[in-house]
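K.L.:
I would like to see how this sequence folds:
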Amino acid sequence: MRFFETVISGAALIAAVFALEINDFPSSGVVAGQTYTVTYSPKDDTPTTFILRQGDSGNLKTVQTLTTTATGGSFSWTVPKDLTDESDYALEIQQGEVINYSAQFPLSGGSGSDAASSAISSAYASASSAAASAASSASAALSSAISSAVASATISPSAGTNTTVTSATLSRTATGTKATASATSSGSVPESTGAASSLATSPLAALFGAVAAFAYLA
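P.N.:
Take a look at the predicted model:
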């Protein structure tokens, strides 16, 4: 019986000696750009992989592989500056099929958050500029269309204007003793030209016409 107890105790000791685990790491937090020494066991020449993980402890996501060739029980880690500031990072250690994890720790001083914010701001600025350019082009096109429509428009009178002139004519009665005047209307006034036109439009001509009419009727 004591023989079997000794064998079991020896197996447990061997398993403890050869267990893959991270012994020392910056558990209080890391600062982007700083370098830290991570120690692990067993301290042998077996190639060891370290992976940076982040997220909920039950659903860690892979951030990046830090190394696949660590040996001798220690690993020097320079924290990348482009990481985002989070409070739930963890280190994963692998040797073949054997995997273990560190406790979670915070990271500060990363530029990843600023870079994301800058990218969003840049995208918003580009979209705003494109929208403003499109609006300006549409406004210019509308103004051009309105100007063209106004320039091509014509105004026509709805109707012509007719002038009716009433003129007096003198006629002699059959008895020759009386003169009557009658008014006639015509759609237009005959156009006078030359000397006759000048004479007809002068006051002297009107006077001579009146005298002649009086002499004729007398």
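K.L.:
do a quick rundown of the helices in this protein.
P.N.:
When assigned using DSSP state H, the helices of the chain occupy the ranges 2-17, 112-152, 194-200, 203-217.
K.L.:
sheet-wise, list the partners of the longest strand belonging to the chain with their directions.
P.N.:
The longest strand of the chain (DSSP state E) is strand 61-70. Using DSSP bridges, the strands paired with strand 61-70 are strand 48-54 (antiparallel).
K.L.:
domains of the protein?
P.N.:
21-112, 166-185+200-217 (automatic domain parsing).
K.L.:
most tightly packed of those domains?
P.N.:
Comparing those by mean neighbour count (mean count of other C-beta atoms under 10 Å), domain 21-112 ranks first with a mean of 15. All C-beta atoms are positioned from the backbone trio N, CA, C, and that covers glycine.
K.L.:
next, the distance between the ends of that domain.
P.N.:
30 Å (C-alpha to C-alpha, to the nearest Å).
K.L.:
what about it, average pLDDT?
P.N.:
Mean pLDDT, computed over domain 21-112, is 96.
K.L.:
ok, back up a step: among the domains of the chain, which is nearest Ala141?
P.N.:
Of all the domains of the chain, domain 21-112 sits nearest to Ala141, with 43.7 Å by C-beta to C-beta.
K.L.:
for the spatially closest residue to Phe50 that is not a sequence neighbour, what are its contacts?
P.N.:
Excluding the flanking residues, the one nearest Phe50 by C-beta to C-beta, 6 or more residues apart in numbering is Leu66, at 4.3 Å. Neighbouring residues of Leu66 by C-beta atoms under 8 Å, 6 or more residues apart in numbering: Phe50, Ile51, Leu52, Phe75, Trp77, Leu91.
K.L.:
roughly how far apart are the last one and Ala134?
P.N.:
Right, the one you point to is Leu91. For Leu91, the distance to Ala134 equals 50 Å [C-beta to C-beta, to the nearest Å].
K.L.:
that older thread, least reliable of the helices of the chain going by mean pLDDT?
P.N.:
Taking the mean pLDDT of the helices of the chain, helix 2-17 comes last: a mean of 40.
K.L.:
need the contact list for Glu86.
P.N.:
Taking C-beta under 8 Å, 6+ apart, one finds Gln54, Pro106, Leu107 in contact with Glu86.
K.L.:
need the contact list for the first one.
P.N.:
Under the criterion of C-beta under 8 Å, 6+ apart, the contact list for Gln54 reads Leu60, Lys61, Val63, Glu86, Asp88, Tyr89, Ala90.
K.L.:
the fourth one and Gly110, how far apart?
P.N.:
In this view, Glu86 and Gly110 are 8 Å apart by C-beta to C-beta.
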